[in-house]
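K.L.:
Model the following, please.
(one chain, ligands or ions: 2)
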Amino acid sequence: MLTEKQVKEILKDHCLNLRFHARGGQGGVTASNLCVESFDGYGVCQPKFGAERMGSPTESYVRLSANYDLVRSNEQVYVPHFVSVLDDSLLSEVDVTAGMPDGGWLIVNTTMNQNEVGMTIANKNLNIATIDATNIAMEVLGRNITNTVILGALIRVSHLFTIDQLADAIMTRFKGEIAGKNVKAIKRAFEETCLYENPGGVEIDFKTDTKVPWQQVSLSLPGYKELDPAGVWYCDNKIMRVGSDQVNTGSWGEWNIVWDEEKCTDCAQCWFICPDFAIITEKGEDGKFHMKGINTFFCKSCQNCIEICPVNAIHKEPKQGPGSCAVPEA
Ligand code: SF4
Ligand code: SF4
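P.N.:
Ligands and ions are numbered 1, 2, ... in the order given. Model prediction:
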């Protein structure tokens with residue numbers, strides 16, 4: 001298991017990814033929020049809901065790093081280093097280990113032992129932690145809400161934050177007696193977590209790329225200029241265009257986003273992910289649309305394209321500065 005010192009070193013240059021599996025109503029999203037609130041660094045979390053019903057499987061994702069640029073991603077976590085499962089009935093319904101690299105930690109709220117959990121998963125190079133979070137929740141909180149309890153187990157195997165940091169986040173989020181009970185529950189979970197490290201002692205290889213696998217986007221899809229206007233106003237029987245293509249979203253951005261034509265492989269993923277149709281494409285002789293640049297009128301420097309580009313053909317440069325100071329003439 002990685003030591004606290006090793007985790008701190010890794011976080012300087014890497015992003016640690018977490019995924020929570022829960023059922024609607026069990027508080028998986030709150031657990032992911034608490035991770036970010038407890039972490040001394042940068043973090044983001046995103047929930048993913050299926051059918052919005054109590055009891056339906058849910059997922060939520062967390063990215064943590066000491067490097068701000070590494071947590072800038074709006075997509076779900078595909079390669080989670082730590083997966084927490086709040087309800088062991090999900091083990092047979094959802095592929096909870098999907099995308100986990102060898103050496104990752106699977107943390108399960110269950111009364112099964114680690115060998116029994118191990119038999120339900122295919123990858124034998126994972127580490128397993130089990131905790132009877134339901135029992136702790138019932139005894140300490142008086143109700144079957146295991147989201148904070150499982151974080152005690154997460155701390156035990158990840159060292160991403162401390163019990164005290166989590167306790168502070170809990171005291172901020174929940175008030176009074178309920179906050180105190182949650183802190184008691186996480187301390188108990190920390191002590192009672194059972195650990196099983198993979199027999200080969202395989203550790204996570206943090207050089208593994210955690211981006212979505214590269215994929216070519218169809219070049220036959222049109223750009224905004226070729227699309228019908230989605231919104232129109234009529235004025236004196238004349239059509240007036242409205243809609244986001246009339247708005248100078250580029251004025252919002254704090255960075256210049258720069259495209260490197262030499263490196264670009266024309267995969268069109270930046271075009272696909274750009275929220276403002278700021279990627280300029282032009283129809284070529286082959287009848288397909290090819291990347292031609294970035295429209296600064298629309299680019300609000302959200303940096304989604306930088307994150308998605310598989311060949312680093314887009315980068316950012318400061319829009320402002322250096323500052324100047326007019327010296328009065330003598
Ligand atoms: S930074 Fe990239 S994705 Fe974001 S608005 Fe600009 S071109 Fe589009
Ligand atoms: S800039 Fe990057 S993401 Fe965009 S088309 Fe070129 S290679 Fe693909």
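K.L.:
And Lys207, how close does it get to Gly43?
P.N.:
Lys207 is 21 Å from Gly43, where distance means C-beta to C-beta, to the nearest Å. Heads up, the C-betas are built off the backbone N, CA and C, glycines and all.
K.L.:
likewise Trp259?
P.N.:
29 Å.
K.L.:
Compare those two and say which is more crowded by neighbours.
P.N.:
Gly43 (22 against 18; other C-beta atoms under 10 Å).
K.L.:
Name the residues linked to that one by a beta bridge.
P.N.:
Using DSSP bridges, the beta-bridge partners of Gly43 come out as Leu64.
K.L.:
mind listing what it touches?
P.N.:
Listed by C-beta atoms under 8 Å, 6 or more residues apart in numbering, the contact partners of Gly43 are 35-36, 62-65, 71.
K.L.:
let's see 7 Å
P.N.:
35-36, 62-64, 71 (C-beta atoms under 7 Å, 6 or more residues apart in numbering).
K.L.:
Tell me if Asn198 really is in a helix.
P.N.:
No - under DSSP: H, G, I helix; E, B strand; the rest coil, Asn198 falls outside any helix and is assigned coil.
K.L.:
Just give the nearest non-adjacent residue to whichever residue of the stretch 101-250 of the chain sits closest to ligand 2, would you?
P.N.:
Closest approach between the stretch 101-250 of the chain and ligand 2, counting by C-beta to the nearest ligand atom: Val217, at 8.0 Å. Counting by C-beta to C-beta, 6 or more residues apart in numbering, Ala268 is the residue found nearest to Val217 once chain neighbours are left out, at 3.7 Å.
K.L.:
Looks like that neighbour contacts Ser220 (just checking).
P.N.:
No - the pair Ala268 / Ser220 is not scored as a contact, 9.9 Å apart, by C-beta atoms under 7 Å.
K.L.:
what do these two both touch?
P.N.:
Counting by C-beta under 7 Å, 6+ apart, Ala268 and Ser220 have no contacts in common.
K.L.:
These two - which one has more neighbours?
P.N.:
Higher neighbour count among Ala268 and Ser220: Ala268, with 22 against 11, using other C-beta under 10 Å.
K.L.:
Near the closest residue to ligand 1 within the stretch 101-250 of the chain, how many residues? Count them for me, please.
P.N.:
Nearest residue of the stretch 101-250 of the chain to ligand 1: Thr249, at 7.1 Å (C-beta to the nearest ligand atom). Using other C-beta under 10 Å, the number of residues around Thr249 comes to 19.
K.L.:
dump the residue contacts of it.
P.N.:
With contact set as C-beta under 7 Å, 6+ apart, Thr249 has these partners: 276, 298, 300.
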